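Undergrad: Please find the sequence and the predicted model below.
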Amino acid sequence: MIERLAQEIEEKYAALTEQLADPEVLRDQTRYAEISKAHADLQEAHLLAEDYVRTRAALEEADAMLDEGGLDPEMKEFLLEEKTAAKEKIEALEHDIRIAVLEKDPRDEKNAIVEIRAGAGGDEAALFAAELQRMIMRYAERQRIKTTILSTTEAGLGGIKEVIFEAKGKGAFGALKYESGVHRVQRVPVTESTGRIHTSTATVAVLPEVEDVEIHIDPNDVRVDVYRSTGPGGQSVNTTDSAVRLTHIPSGLVVSCQDEKSQLQNKERAFQILRARLFDMAQAEQDAAVAAQRRSQVGTGDRAQKVRTYNFPQSRVTDHRIGVTSHRLEAILQGELDEFTEALRAQERAEQLAAAQI
């Protein structure tokens, strides 16, 4: 299975390398950029496949020499050690190759928008939301991701009801997406006089940055009707078919324009209006998709819904998605999230491997 996969990787990599040297591809910058990206994306798998093939060859050579016999004890011991090391390396390479060929989420490389909101718990939830903001922004800084606050709604005692910030940098969304969900804190609030532990929540939504929606109108999708203008507009307004009506068949949008004197000008103006209206429709659909994604990430903010719990009395942080617990609460609140991020990423890859059955 892996031998065939390694061969396919090598064949694909060789084909892409050959295409990059093709003068015809070099002249087409769009195609060249696409092939270059595919070539770069396959680089890691290619290097692993090469190593796998070399190690397999070394193992086979050691087996052949051992089968021949007539070896002195020292050489036999050396070959047996080489064989054991090769088998261990092959096992590790097989796993790494499976990971390398998994389809990467194209959103992972995008910039991100992070939204943090206080949930259940009043002032204590607002204080916790502010702590989560600092934690995530410090983690982003460790990953060389630049953050810029876009909006903040403050609460009492230095807490926040809501904060939205932008995270810009290579792999920003991929690095921060695991913070999405309901975070729960258990501690004695500063406002509590009896020393009783309270449970509060804050929600985090990490969304990939939405690119500008480009509107392309297929001329075949538009019916163009011309008719005689009515109303003021000069001597020719009622004597020529200068008015234009566009009907965008897929959406049912109709745009009419007769303000300009010439049919060409009216047609250009009508297409400009149609593009703007189609953009609004596409943006509304996109906004609805983002809103649905946000809802799926944060749920209702109820105390029972949680991805991670921060227990201050026990200095304990537990990520419920992977069952990992750390007693480094202060360090985690300072942005040291790698142990959780790496475990979550490993789980994500394991689920992908199981689904792909590679």
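TA: That came through, no problem.
Undergrad: From the chain's centroid, how far away is the helix or strand of the chain with the lowest mean pLDDT?
TA: When each helix and strand of the chain is scored by mean pLDDT, DSSP states H and E, helix 263-298 comes last, with a mean of 78. Put simply, helix 263-298 sits 23 Å off its chain's centre (CA atoms, centre = their mean, to the nearest Å).
Undergrad: Determine the set of other helices and strands touching it.
TA: Helices and strands touching helix 263-298, by 3 or more CB pairs under 8 Å, 6 or more residues apart in numbering; DSSP states H and E, are strand 181-187, strand 198-208, strand 222-227, strand 243-248, strand 253-257. Glycine gets a C-beta too; all of them are placed from N, C-alpha and C.
Undergrad: That one: what's the following helix or strand?
TA: strand 308-311 (DSSP states H and E).
Undergrad: With just CA atoms, put that following strand into PDB.
TA: Only the C-alpha atoms of strand 308-311 are listed here, as PDB (Å, rounded to 0.1, in the frame of the first residue of the first chain):
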ATOM      1  CA  ARG A 308     -11.900  23.600  27.900                       C
ATOM      2  CA  THR A 309     -12.100  24.100  31.700                       C
ATOM      3  CA  TYR A 310      -9.800  26.300  33.700                       C
ATOM      4  CA  ASN A 311      -9.900  25.300  37.400                       C
END
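Undergrad: So what are the sheet partners of the next helix or strand after it and their directions?
TA: Sequence order places strand 316-319 as the next helix or strand after strand 308-311, per DSSP H and E. Sheet pairing for strand 316-319, assigned by DSSP bridges, gives strand 308-311 (antiparallel), strand 324-326 (antiparallel).
Undergrad: Residues contacting the shortest one, please?
TA: Meaning strand 324-326. 316, 317, 318, 319, 332, 339, 340, 343 (CB atoms under 8 Å, 6 or more residues apart in numbering).
Undergrad: The first one reaches residue 327, doesn't it?
TA: Yes. Residue 316 sits in contact with residue 327 when judged by CB atoms under 8 Å, with a separation of 5.5 Å.
Undergrad: Quick check: residue 117 touching residue 182?
TA: No. Applying CB under 8 Å as the test, residue 117 and residue 182 come out as separate, 10.2 Å apart.
Undergrad: Show me how the record splits this protein into domains.
TA: 2-100, 107-212+298-356, 219-288 (automatic domain parsing).
Undergrad: now those domains as a markdown table including mean neighbour count?
TA: Output for the domains of the chain, formatted as a markdown table (neighbours: other CB atoms under 10 Å):
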| stretch | mean neighbour count |
| --- | --- |
| domain 2-100 | 14 |
| domain 107-212+298-356 | 17 |
| domain 219-288 | 14 |
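Undergrad: lowest-confidence stretch among those?
TA: Note on these: lowest mean pLDDT is at domain 219-288, with a mean of 79.
Undergrad: could the contacts of strand 324-326 go into CSV alongside distance to residue 81?
TA: Compiled in CSV, the contacts of strand 324-326 are given as follows (distance: CB to CB, whole Å):
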residue, distance to residue 81
316, 44
317, 43
318, 43
319, 40
332, 43
339, 35
340, 38
343, 34
